[in-house]
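Novice: this one's structure only:
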């Protein structure tokens, strides 16, 4: 076959060899060769086949493999290194076989079953600069795989590789592989930052195909959870050393240095799939949450996506609730910034003026301890922004100026934390009226974590007041679907009611407002919806009875104060609410007059 007849194509190339192979062969030639062949037969070949790759050729101490997908190549490398770490668990360090792996993607020539070209050569050279047990990839691989596999990439800069004319930007894959939990001399301490490990899901079907599906589910869950910056997620390769073993969750949590563990199982019943997942407190072994997800085999990828989305959305607030309870139980008097933050969260959720003020006192103490903690700054912003929108008395003399300064600091320290960016964006819109920057910040938050119900809720609020009502309803509905039991569900439901009021759908608004009231009976705007929707529907007795209850909750509040505190860019969208409040008599200054009016009617 001539060069013109050779096939050119774009492929991902994985090159691997055994570190220190000559030394190992010199010490025990037959034993080393037998062990290497066993690794290839039991780990390497099956892993490559699972990831739809092919071994192009083997050498004495390594091999070259080709994949059609960059992500498959990286996942295969991760799987092999995790498997090798487990296999080396009880092997003396001077006798371990450890692969070094390099991955590149490029245009190659295939001829007589072999592959050639610069793309192949770069993969081989990247393998040469990888650490034993490590993976080194080119920039093209990093760009294609980032966000699709649950690992971080460390930029090694431009590398001058042997016999490669141009420099190549290389990245080290930070796998987090540990040699073995059984041989660890000291267990890592629980980190200051929250950490979660997702253990391999058990295959309860007896069907090897479901093994691959279960691994894929776990990989996607790890990737989705890594978008939440409120806790760290242990890399897949660290948690997968437990694959195929009976695991005591508390023991695994201690070895991995995490406080929470997510575990689960996969079972196939005919054409139906059932996936279970449970979140466990790694210190006590207590189950914090558990659920199951059903689907059919034909829709396996849809089921996988739905499970990933649901678990990622549910786990984050469950961890947050567990942390609040832990702080109250274990160190209620602590002045550490994180514990002050946890103590302030329930104050925000209460939705009342006094609790809001108490929450801001706690957050202010936390800021004094850690002035640039973006998470704490974000909570301070949302507390002040809520006061501003409710028309409550300021806490700082000039809440608007304080919000501007806190927003600046939070943005400078957010580091792509979607939750912080969402709070900053909403404050820019509603308090400082910086619409372009506010919406750009909100959009960035959603891009970073589209599964964060809080981010979606805040985006809905921003659009409700300053953007598109259709977008607001989309964000609110998605937040409700993703996290129906979220502690802030009352805010989302009242937001939906507000949109329906603006659309003139008063009956729908009333129904949603009643659900919001059941979730939190102390949230001011819910009463606005109950009063206005009833009034617009001609149900004046009900509207006035809600006025009485609202006045008891917030004495002295008037339509003028509500209108002045709302940041709506288009005043027309508030018209139906304000008119309903007027029809129900909210402007009456004396609460007793409301009661007398109801009695006369």
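Specialist: Alright, I've got the coordinates. Just so it is clear, the model here is predicted, and its values are computed rather than measured.

Novice: I figured residue 318 hits residue 288, correct?
Specialist: Yes. The pair residue 318 / residue 288 is scored as a contact, 5.4 Å apart, by Cβ atoms under 8 Å. (C-beta placed from N, C-alpha, C; glycine too.)

Novice: Quickly find the element holding residue 131.
Specialist: Counting by DSSP states H and E, no helix or strand carries residue 131.

Novice: Pairing partners for the spatially closest residue to it that is not a sequence neighbour in the sheet, please.
Specialist: Of all residues not flanking residue 131 in the chain, residue 100 sits nearest, at 6.8 Å (Cβ to Cβ, 6 or more residues apart in numbering). Taking DSSP bridges as the rule, residue 100 bridges to residue 17.

Novice: mind listing what residue 100 touches?
Specialist: Going by Cβ atoms under 8 Å, 6 or more residues apart in numbering, residue 100 touches 16-19, 127-128, 130-134, 136.

Novice: Are any of those residues buried, and if so which?
Specialist: Burial by neighbour count, 16 or more other Cβ atoms under 10 Å: within the contacts of residue 100 this picks out 16-19, 127, 130, 133-134, 136.

Novice: could you redo those residues as TSV and give each row pLDDT?
Specialist: Shown next, in TSV, are those (pLDDT from 0 to 100):
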residue	pLDDT
16	94
17	91
18	90
19	83
127	90
130	86
133	86
134	87
136	93
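
Novice: Tell me which stretches of the stretch 351-500 of the chain form helices.
Specialist: With DSSP state H, counting those that start in this stretch, the ranges of helices along the stretch 351-500 of the chain come out as 353-369, 374-390, 399-413, 418-430, 435-448, 453-466, 469-482, 489-502.

Novice: quick one, phi/psi of the closest residue to residue 115 other than its chain neighbours?
Specialist: Excluding the flanking residues, the one nearest residue 115 by Cβ to Cβ, 6+ apart is residue 108, at 4.8 Å. Phi and psi for residue 108, reported as degrees, to the nearest 10, are phi -130, psi 160.

Novice: do the one 3 residues further on as well
Specialist: Note on residue 111: its backbone torsions stand at phi -150, psi 120 [degrees, to the nearest 10].

Novice: same check, this time on residue 8
Specialist: The phi/psi pair for residue 8 (degrees, to the nearest 10) is phi -100, psi 140.

Novice: Report the beta-bridge partners for the residue nearest to it when sequence neighbours are not counted.
Specialist: Nearest non-adjacent residue to residue 8, counting by Cβ to Cβ, 6+ apart: residue 109, 5.7 Å away. Residue 109 has these beta-bridge partners by DSSP bridges: residue 8, residue 116.

Novice: Mind pulling up the pLDDT for residue 109?
Specialist: Predicted confidence (pLDDT) for residue 109: 89.

Novice: let's number from 15 now, not from 1
Specialist: Noted, 15 is the first residue going forward, which turns the last one into residue 123.

Novice: you'd agree it is up against residue 133?
Specialist: No. Using Cβ under 8 Å as the test, residue 123 is too far from residue 133 to be in contact (9.2 Å).

Novice: Which one's more surrounded, these two?
Specialist: Taking neighbours as other Cβ atoms under 10 Å, residue 123 and residue 133 compare with residue 133 leading, 20 against 15.

Novice: So that one sits against residue 25, correct?
Specialist: Yes. Look at residue 133 against residue 25 with Cβ under 8 Å: they come within range, at 7.2 Å.

Novice: Which neighbours do those two have in common?
Specialist: 119-120, 122.

Novice: need the strands for the protein, in chain order.
Specialist: Along the chain, the stretches classed as strands by DSSP state E are 21-32, 67-72, 76-81, 113-125, 128-130, 149-152, 166-173, 182-188, 209-212, 216-217, 246-247, 274-283, 286-295, 301-310.

Novice: Tell me the buried residues in the last one?
Specialist: If I follow you right, that is strand 301-310. Buried, per 16+ other Cβ under 10 Å, within strand 301-310: 302-303, 307, 309.

Novice: go on, stretch 71-80?
Specialist: 75-80.

Novice: export these to a markdown table and tack on distance to residue 59 and pLDDT?
Specialist: Output for these, formatted as a markdown table (distance: Cβ to Cβ, whole Å; pLDDT from 0 to 100):
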| residue | distance to residue 59 | pLDDT |
| --- | --- | --- |
| 75 | 16 | 82 |
| 76 | 14 | 88 |
| 77 | 9 | 93 |
| 78 | 13 | 92 |
| 79 | 10 | 93 |
| 80 | 14 | 94 |
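
Novice: between the residues you listed, which is closest to residue 281?
Specialist: Comparing the buried residues of stretch 71-80 against residue 281 with Cβ to Cβ places residue 79 closest, at 32.2 Å.

Novice: List the residue ranges of the stretch 65-214 of the chain that fall below the pLDDT cut-off.
Specialist: Flagging of the stretch 65-214 of the chain using pLDDT under 70 yields the residue ranges 164, 189-207.

Novice: hey, which helix is longest across the protein?
Specialist: In the chain, assigned by DSSP state H, the helix with the most residues is helix 314-344.

Novice: So which elements touch that one?
Specialist: helix 222-239, strand 274-283, strand 286-295, strand 301-310, helix 351-364, helix 483-496 (3 or more Cβ pairs under 8 Å, 6 or more residues apart in numbering; DSSP states H and E).

Novice: Now render these as a markdown table, adding distance to residue 410 and mean pLDDT.
Specialist: Output for these, formatted as a markdown table (distance: least, Cβ to Cβ, whole Å; pLDDT from 0 to 100):
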| stretch | distance to residue 410 | mean pLDDT |
| --- | --- | --- |
| helix 222-239 | 36 | 75 |
| strand 274-283 | 36 | 84 |
| strand 286-295 | 38 | 84 |
| strand 301-310 | 37 | 81 |
| helix 351-364 | 16 | 83 |
| helix 483-496 | 29 | 89 |
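
Novice: got CSV for the ones you listed, with distance to residue 582 too?
Specialist: Shown next, in CSV, are the helices and strands packed on helix 314-344 (distance: least, Cβ to Cβ, whole Å):
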stretch, distance to residue 582
helix 222-239, 34
strand 274-283, 40
strand 286-295, 39
strand 301-310, 38
helix 351-364, 22
helix 483-496, 11
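
Novice: Which among those is found nearest to residue 89?
Specialist: Among the helices and strands packed on helix 314-344, helix 222-239 comes nearest to residue 89, with 6.9 Å by Cβ to Cβ.

Novice: what's that closest one in contact with?
Specialist: Here helix 222-239 makes contact (Cβ under 8 Å, 6+ apart) with 64, 89, 93, 161-164, 210, 212-217, 247, 249-250, 253, 276, 278-282, 287, 289, 314, 318-319, 321-323, 325-326, 329-330, 465.

Novice: Likewise for stretch 326-338?
Specialist: Stretch 326-338 is contacted by residues 208, 210, 235, 238-239, 241-242, 244-245, 274, 276, 293, 295, 302-303, 305, 356-357, 359-360, 465-467, 496-497, 500-501 when judged by Cβ under 8 Å, 6+ apart.

Novice: picking up where we left off before, can you list the buried residues of stretch 71-80 in a markdown table and add distance to residue 593?
Specialist: Below are the buried residues of stretch 71-80 laid out as a markdown table (distance: Cβ to Cβ, whole Å):
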| residue | distance to residue 593 |
| --- | --- |
| 75 | 81 |
| 76 | 77 |
| 77 | 75 |
| 78 | 74 |
| 79 | 70 |
| 80 | 69 |
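
Novice: Which of these sits closest to residue 185?
Specialist: residue 79 (19.2 Å).

Novice: Next, count neighbours for the closest residue to that closest one other than its chain neighbours.
Specialist: Nearest in space to residue 79, with sequence neighbours left out and distances taken as Cβ to Cβ, 6+ apart, is residue 28 at 4.5 Å. Close neighbours of residue 28, defined as other Cβ under 10 Å, add up to 31.

Novice: Residue 28 reaches residue 140, doesn't it?
Specialist: No. Under the criterion of Cβ under 8 Å, residue 28 makes no contact with residue 140, lying 9.9 Å away.

Novice: that older thread, which neighbours do residue 332 and residue 302 share?
Specialist: Joint contacts of residue 332 and residue 302 (Cβ under 8 Å, 6+ apart) are residue 293.
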